[in-house]
Structure formats: C-alpha cells, structure tokens
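> Next one to model:
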Amino acid sequence: MCGERESKSASRRGAQRALMYGLLAAGALGFVVLALLPHAPADPRSLVKPMLAMVVVTTAVWLAMASVRNWAILTGRASPKHYLDYKSDPPPDWIERPARAYDNLMQAPTLFYVISILMIVTGWADSTQVTLAWMFVALRAAHAVIYIGVNVLPARFVSFALSCFALWEMWARFALNAG
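Below you'll find the model as predicted:
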C-alpha cells in the first residue's frame, strides 16, 4: 500500500516536472518567434505604462505584506518579537510569503526599470519591446499571486523563468539595436 502511494506520488511529480519543462520550452519558443517576427518602431514613452503597472503590482504586494503582518500580530498569529530580530518566534510561512514576494520584486524588476528608462532616454523602442515589457509585468504579477496564494513550485518557477526570458530579450534587443 505504501509503495503504491509512493509510486503515485512519484508519477505525479514526474507529470508536474514534464508539464513545467513543456511550458518553459513553449515559452522560450514563443520568445524566439517574437524576436523573429517583424516589428514596427514604437514610441519609447509607451513603456511608461508597463512601468507604472509594475509599480502597481509592487504596491499591491507591499500592501498585502503590511496587511497580513499587522493582522497576524493583532490576532496573535505572529509575535512582534520576530520583527525586532527576525530570529525569535518565526511566524507561519503563509504570513511571510508576501514579504518574500515583495523582496523578490526589488530584484529583477530593477533591471526592467533600467532597460525601460534607457529606451526612453535613447529614443529607441519597437513594438516587440513594448510587448515584452507587458509580458514581463504579467509574468511577475502571476509569480507574486502564485507565491502568495497557492505556492505551487512548478507554476511559480515557470512564471519566474519566463519573466526572466522576457527581461533578457529586452536587454539583448536593446543592445543589438539601440547603438
């Protein structure tokens, strides 16, 4: 009985892994196709909207972090001592997930803001860059929702990896075309 359960669990993990790698491959192929499609010049200022959308995502996650932490302290689900040294009385994982998602939004998105500002300042952008910017924002929002909500690792990884692909493609296209 126990061996059968372990076999089903291993089979389910294998199926999840196959789905995850399939989605990554399909996403990577999509980025290659996007890079090869004809693209029209775009007003670089059109990158301001995805930048603002990224700020909205970051603000929403910050509000979730502040709300969950304060609610957890007020209801006794977390100890204020933890927030003095971040070692004592650690709260349950779900209370700190919004904080970790917020921390994550202070990392790779910084490169998104930099490349977007560079395109605005240099005056070079095309329709593909704008599409990639919106894809980056959508994938980062999906990553935050998955992590804070259901925390399904394969889905979280796919959204994170594809957002990185979008960001790398933005940088590569800029490096190849702006000069």
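
> CA atoms for contacts and neighbours, from now on please.
Noted.

> next structured bit after the strand or helix carrying residue 22?
Secondary structure from DSSP states H and E places residue 22 in helix 2-36. Heading C-terminal from helix 2-36, the first helix or strand you meet, by DSSP H and E, is helix 48-74.

> pLDDT weak spots in the chain?
Scanning the chain for pLDDT under 70 picks out 1-2, 179.

> on that earlier part again, what helices and strands are in contact with the helix holding residue 22?
Counting contacts by 3 or more Cα pairs under 8 Å, 6 or more residues apart in numbering; DSSP states H and E, helix 2-36 packs against helix 153-177.

> Check which helix or strand the residue nearest the centre of the chain maps to.
For the chain, the residue nearest the mean C-alpha position is residue 140 (2.5 Å; Cα atoms, centre = their mean). Per DSSP H and E: residue 140 is located in helix 127-148.

> Export only the CA atoms of that helix, formatted as PDB.
Provided in PDB are the C-alpha atoms of helix 127-148 (Å, rounded to 0.1, in the frame of the first residue of the first chain):
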ATOM      1  CA  SER A 127       6.600  47.100 -30.800                       C
ATOM      2  CA  THR A 128       8.300  43.900 -29.600                       C
ATOM      3  CA  GLN A 129      10.000  45.700 -26.700                       C
ATOM      4  CA  VAL A 130       6.600  47.000 -25.600                       C
ATOM      5  CA  THR A 131       5.100  43.600 -25.900                       C
ATOM      6  CA  LEU A 132       8.000  42.100 -23.900                       C
ATOM      7  CA  ALA A 133       7.500  44.800 -21.200                       C
ATOM      8  CA  TRP A 134       3.900  43.900 -20.800                       C
ATOM      9  CA  MET A 135       4.700  40.200 -20.700                       C
ATOM     10  CA  PHE A 136       7.300  40.800 -18.000                       C
ATOM     11  CA  VAL A 137       4.800  42.700 -15.900                       C
ATOM     12  CA  ALA A 138       2.100  40.000 -16.300                       C
ATOM     13  CA  LEU A 139       4.500  37.200 -15.500                       C
ATOM     14  CA  ARG A 140       5.800  38.900 -12.400                       C
ATOM     15  CA  ALA A 141       2.300  39.600 -11.200                       C
ATOM     16  CA  ALA A 142       1.500  35.900 -11.800                       C
ATOM     17  CA  HIS A 143       4.600  34.900  -9.900                       C
ATOM     18  CA  ALA A 144       3.600  37.000  -6.900                       C
ATOM     19  CA  VAL A 145       0.000  35.700  -6.900                       C
ATOM     20  CA  ILE A 146       1.100  32.100  -7.200                       C
ATOM     21  CA  TYR A 147       3.700  32.500  -4.400                       C
ATOM     22  CA  ILE A 148       1.400  34.400  -2.000                       C
END
